[in-house]
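Peer 1: Below is the sequence, then the predicted model.
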Amino acid sequence: MTRVALRGIRSHLGRFLLSILAVLLGVGFVAGTFSLRAMMSATFDDIVESGTNADTYVQGTKIEATGGDAMTGFAGAQQFPIEMVDVIAEADGVAGVVPDVSGSIVLVGADGTAVMSNGPPSFGMGLAPDETAIWMADGREPTGPGEIALETAALESSGLAVGDTTTVVLAGEIREVEVVGEVGFAAPMAGAIMVGLDMETAMAAYAPDGMVDLVGVYAEDGVSQTELASSVEATLAGVPGTDSVEVLTGDQMRDDGREQWQSMLGFISTFLLVFAGIALFVGTFIISNTFAMVVRQRQREFAMLRAVGASPSQVFASVLGQAAVIGVVGSLLGVGAGVGLVAGLQQIFAGMGMELSGRIPLDGFTIAISVITGTLVSLVAAVVPARKAALTAPVEAMRDDVVSHDRASRWRTAAGAVLLVGGLVAVAAAATGVIEDNRPSLLGVGAGAIVISVLMLAPTIVPAVLGVLAAPAVRGMRPLGGLAKGNVTRHPKRTASTAGALMVGMALVGAASVLAASAQASVRDVVDNESQADLLLQSATWDVPAELVSEVATLDGLRRVDPLRVAYTTAVDGEVTPVVGAPVGFFDATLTVPVVDGATAAMADGQAVVQELAAEPKGWEVGDTLTVAGSVGTVDVTIGAVIDSRAIGASVILPDAVYDTVADPTSTMTDTVFLLAEPGADIAQIRDQVTELAAPYVVVSVMDGEEFGDAIAEQVNQMLVILYALLGLSIVIAVLGIVNTLALSISERTREIGLLRAVGLGRLQLAGVVTIESVLTAVFGTVLGIGVGAGLAATMPTVFRDEGFTALVIPWGPLGALLGLAVVVGALAAVWPAVRAARMDVLEAIAYE
Amino acid sequence: MRPVTVYPRGEGAIASARGLVKVYGSGETAVRALDGVDVDFARGELTAIMGPSGSGKSTLMHCMAGLDTLTGGTVVIDGEDVGRMNQRGLTKLRRDRLGFVFQAYNLIPTLTAEENITLPLDIARRPVDRAWFDLVVDAVGLGDRLDHRPSELSGGQQQRVACARALVSRPAVVFADEPTGNLDSRSSGEVLEFLRHSVDELGQAIVMVTHDPSAASYAHRVVFLDDGRLVGEILEPTAESVLDALRELGVGRRDRADLVGAGAVAGAASAIVAGNGVGVLGGRR
């Protein structure tokens, strides 16, 4: 039996090729994700190792707080005076002390534009003589405010050379500087831009009050980390003000650093694995379909085996055995594909300026997981067809014709119907708000139920829906259309299964499109309704330079200049919460927000304004006190008003004066600046003036309300593109499924095709029939998918109204384009099967046994 | 049995073959399926081609219908030289000038009986002559089953639908390959009646390959094929005369086989000719 099974694969390899390809793609994605994660982990480990290479660290005590998102991990550290460096230097065994004085900077490159990469930051760093991770590769160190040194990769991306002059924006100021040296750094920069400054300049920019939050200590030869740590701790023990610091060994510091990166990577890899899972899920459709068709074609063979004495379980095992072989072969190839994919990504990242660690790790774990996943998927997909094969009655061997019913069982239809009704009820309940609690989860469960039920009911609706879809072809292209329609409706389960794979991917794409369009419209809604500003300023570095703000404030014709500042490393009532600082009167004049309780004028009294979204679950009310803690200090504020605004992302807004007592000025970001013109002022002229002022700062954009909406829309589009790319793989696999089904069904219909050709159907006409079939299947899957996806997404704005979805927009244009794409893709999928069909020799086809 | 009729210069024949040779394979394993066949088929005639298995009957039909290429000789259908046609030309020939009925798998399962009947016309985008269509359907006796699928028709009914399809485009020749092979005697009778009727009343030319003497008895003429050659024909056949002719052929075969073994081929061949009065076609290439 094993021989029969294995020989069967070899002799009919063509049939199984596409299934192997499907496994390959799905597993490739999985293997690639693990491999990518390992590579990024290695890269970041490298960075941590080389960049954080001191033997001991003195760090400001972390602010006591819970929460914090996966990205930052902690609330922030307290600061201590830099003079402590001298104290530390006195300790035994200390060879050198290096304070960490760094912050953001904008570097203007040779072409006059800011040097930026797509994610990693640009930062300036004070160069200390004792720093061993850094050395001068060329030139010399900067010695004054007019000099900088650039790290090797930064030098390259900027197009500058040692000796050139350029501009930097540092601490909100524009400055002309000369590049006096090239800095070598022990770790890969992974795209981050490092600008070396002389220590005094760095201090002036990043620690103007003389406070730092991290100092690295290097040991003399022969002194261990723990020894150094205890020595430093002892030295600091008696000094006043040292209760705000803690001493860590270098290893502990590096472990902390690694932990943070790991949690971020975990988040990313989980995200990617979800899409890999979708791809594999779609792959099961192909495998299942292939085996269903192969079993059907080999029905006589199985009957013969049974007649000759094979038991049902032997037949079952032989079919599953074939599935296992496909799974293993596909998985092994998939691992190779995944590694290749990561290698390709590495090149792409390198091109974008992000160097990742050279070696591509391929460990046993990745291989094992990939093979197991692929094989399991294969086996699960083949179970039902294998069972059918095992139950073939021996008498079928004598029959000439293959008779099988491909209609969905009653059980399946009934279960599908129940599930559909249940899902619709759940979604309706969530959307209309009949049930208050857990609306998102209810929506999620309902959506899942609807998707699964549609997949289950698909065979039942195939005849009806395809009848409608095929009508134009049947009328307009006789008899080709009629023949094609007959072929796709002949086996409803098979068509449903093939189209179902495409439906899954298209549903997600459709949903994403609707959500994106709605999000974009919601933002515009909010901007239109709430913002009274005539102009808005934003920076590509998320921080508008303070100097620019003061310059703009001096212009004529402006009634108000309101910068909104954000601090991310603050804690409110012990929980990490970003806090916004706004000028008094902001909510009365510039951003007219709906006020739920209290009065925003209370900001004048130093009171805070909070968002209803946060206030409700936490039970905050007007008159309550909140404890806000930041790097600079902790303060108690009274809640003066509760508002409900989509425009501001943070939950707590403090008046500027109060904000300054809490947030660290060097890590504060001026997120947006709102400009309100005097009534009757010439806005165009003001805009020109502001633009002129902003130009030297390079990264600042001046926008009016509409352009602001456009800018946000652009960001949403970028995220959408990434989503489409991830879903693209599932769609490719689904299309392969269509090719697969077509090819196998053509081989099944050989005699019929022979008859058609004998009766005078031309080769081109035959290819036309095949193409129409393919297009019908693709369109069916797409229509179903978009219907379900967009339909479900349409309910989301009502459920997620609090998250900022005020508008529901169905992007008919993009959805129509998707449909058009389905037609094109269907036609392409048909090419190879159509060519094969057309090439069939008529006589051989008629006589086919 | 008498020698096969061949019209001088092929006049009056709707389909004819001259020196038709078909060889499969090459070198040592070459099989000469047709070894120089000359034959004419006329309008208004139902001709049956018979012979033992391996005699080449189906091959003869395939070659004449443009389904297979010729190794040598010519085939002319309705004035067109089939041997010279390319794939496109052959497709058009099959579509416009020929009709086919096979032993099985004659119908497209997803189309109704009516759609199956008009299939060649639909493919050729020719309008259906409704009067002719009704006539054919009436003759075939399927007027009330036109909207049924093949799976809803009996074997005999399916074959009759196939016959109707073959005739509805008014082809020059209809080629039928064992049309009653899978049918019981009553359905066979119905189909054969219809074929004969369409030749007599409607003036069609039908060439039918069969191994069944009672089927052959419905024909106007039966030609006999043996080892790739036409060895004779019978006019106005009855089941008995056909059986007799087949018996002669069978005896001839056995004798030939013995004599081949004995090595006296030439003498035996003339002895057979003289002894049984069977006309052997030879010489004319």
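Peer 2: Great, that's in hand.
Peer 1: Averaged pLDDT, the helix or strand hosting A:G277. What do you get?
Peer 2: In the assignment (DSSP states H and E), A:G277 maps to helix A:250-297. Helix A:250-297 shows a mean pLDDT of 86.
Peer 1: Indicate whether it makes contact with chain B.
Peer 2: No. Using C-beta under 8 Å from any C-beta of the partner chain, helix A:250-297 stays clear of chain B, with a minimum separation of 14.7 Å. Heads up, the C-betas are built off the backbone N, CA and C, glycines and all.
Peer 1: So what's the gap between that helix and the chain middle?
Peer 2: Offset of helix A:250-297 from its chain centre (C-alpha atoms, centre = their mean, to the nearest Å): 13 Å.
Peer 1: ok now do the residue in the stretch 151-285 of chain B that chain A sits nearest to, which residues does it touch?
Peer 2: Here the stretch 151-285 of chain B gets closest to chain A at one residue, B:R165, 7.5 Å apart by C-beta to the nearest C-beta. Counting by C-beta atoms under 8 Å, 6 or more residues apart in numbering or on different chains, B:R165 touches A:V759, B:G99, B:N106, B:N116, B:I117, B:T118, B:L119, B:P120.
Peer 1: quick revisit: the helix or strand that the helix holding A:G277 is followed by vs helix A:250-297, what angle?
Peer 2: Per DSSP H and E, the first helix or strand lying C-terminal to helix A:250-297 is helix A:299-307. Helix A:299-307 and helix A:250-297 are oriented at 90 degrees to each other (axes from the mean of the first three to the mean of the last three C-alpha atoms, to 10 degrees).
Peer 1: Pull out the buried residues from helix A:299-307.
Peer 2: Buried residues in helix A:299-307, defined by neighbour count with 16 or more other C-beta atoms under 10 Å in any protein chain shown: A:Q299, A:R300, A:E301, A:F302, A:A303, A:M304, A:L305, A:R306.
Peer 1: touching chain B at all, that helix?
Peer 2: No. Using C-beta under 8 Å from any C-beta, helix A:299-307 never reaches chain B; the gap is at least 15.8 Å.
Peer 1: For that helix, list the C-alpha coordinates in PDB.
Peer 2: This file holds the C-alpha atoms of helix A:299-307, laid out as PDB (Å, rounded to 0.1, in the frame of the first residue of the first chain):
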ATOM      1  CA  GLN A 299     -12.300   6.100  -7.500                       C
ATOM      2  CA  ARG A 300     -12.000   3.000  -9.700                       C
ATOM      3  CA  GLU A 301      -8.500   2.500  -8.400                       C
ATOM      4  CA  PHE A 302      -9.600   2.600  -4.800                       C
ATOM      5  CA  ALA A 303     -12.500   0.300  -5.600                       C
ATOM      6  CA  MET A 304     -10.100  -2.100  -7.200                       C
ATOM      7  CA  LEU A 305      -7.900  -2.000  -4.100                       C
ATOM      8  CA  ARG A 306     -10.800  -2.700  -1.900                       C
ATOM      9  CA  ALA A 307     -12.000  -5.500  -4.100                       C
END
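Peer 1: elements contacting that helix?
Peer 2: Counting contacts by 3 or more C-beta pairs under 8 Å, 6 or more residues apart in numbering or on different chains; DSSP states H and E, helix A:299-307 packs against helix A:312-351, helix A:364-390.
Peer 1: Would you tell me which of these gets closest to chain B?
Peer 2: Per C-beta to the nearest C-beta, nearest to chain B of those: helix A:364-390, 21.0 Å.
Peer 1: Pull the residues that contact the helix or strand just after that closest one.
Peer 2: Scanning forward in sequence from helix A:364-390 by DSSP H and E, the next helix or strand is helix A:410-432. Helix A:410-432 is contacted by residues A:434-435, A:439-440, A:442-443, A:445-450, A:452-457, A:459-460, A:792, A:795, A:798-799 when judged by C-beta under 8 Å, 6+ apart.
Peer 1: Next: stretch B:13-21.
Peer 2: Against stretch B:13-21 from outside (C-beta under 8 Å, 6+ apart): B:6-7, B:10, B:32, B:34-43, B:60, B:63-64, B:70-78, B:172-173, B:205, B:207, B:284-285.
Peer 1: Tell me where chain B has strands.
Peer 2: Under the criterion DSSP state E, chain B carries strands at the ranges B:13-24, B:31-42, B:46-50, B:72-77, B:80-81, B:98-101, B:173-177, B:206-209, B:221-226, B:229-235.
Peer 1: With chain A in mind, check whether the fourth one reaches it.
Peer 2: In this case it means strand B:72-77. No. Using C-beta under 8 Å from any C-beta, strand B:72-77 stays clear of chain A, coming no nearer than 13.8 Å.
Peer 1: Just the buried residues of the contacts of stretch B:13-21.
Peer 2: Listed as buried from those are B:6, B:10, B:32, B:34-42, B:60, B:63-64, B:70-71, B:73, B:75-78, B:172-173, B:205, B:207; burial here means 16+ other C-beta under 10 Å.
Peer 1: For stretch A:422-433, give the mean pLDDT please.
Peer 2: Here the average pLDDT along stretch A:422-433 is 84.
Peer 1: cool, and stretch A:567-578?
Peer 2: For stretch A:567-578, the per-residue pLDDT averages 81.
Peer 1: Show me which pair in the contacts of B:R165 is furthest apart.
Peer 2: Between any two of those, the greatest separation by C-beta to C-beta is 14.6 Å, found for B:N106 and B:T118.
Peer 1: ok so, going back, helices or strands next to the helix holding A:G277 in the packing?
Peer 2: For helix A:250-297, the elements it packs on are helix A:13-51, strand A:56-60, helix A:312-351, helix A:364-390, helix A:492-530, helix A:705-748, judged by 3+ C-beta pairs under 8 Å, 6+ apart.
Peer 1: will you turn those into TSV that also has mean neighbour count, distance to A:G103 and mean pLDDT?
Peer 2: Listed next are these as TSV, based on neighbours: other C-beta atoms under 10 Å in any protein chain shown; distance: least, C-beta to C-beta, whole Å; pLDDT from 0 to 100:
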stretch	mean neighbour count	distance to A:G103	mean pLDDT
helix A:13-51	22	16	84
strand A:56-60	24	15	83
helix A:312-351	20	26	88
helix A:364-390	20	39	89
helix A:492-530	24	30	89
helix A:705-748	19	24	87
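Peer 1: Can you redo these as a markdown table, where the extra columns are distance to chain B?
Peer 2: Compiled in a markdown table, the helices and strands packed on helix A:250-297 are given as follows (distance: least, C-beta to the nearest C-beta, whole Å):
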| stretch | distance to chain B |
| --- | --- |
| helix A:13-51 | 22 |
| strand A:56-60 | 76 |
| helix A:312-351 | 27 |
| helix A:364-390 | 21 |
| helix A:492-530 | 12 |
| helix A:705-748 | 12 |
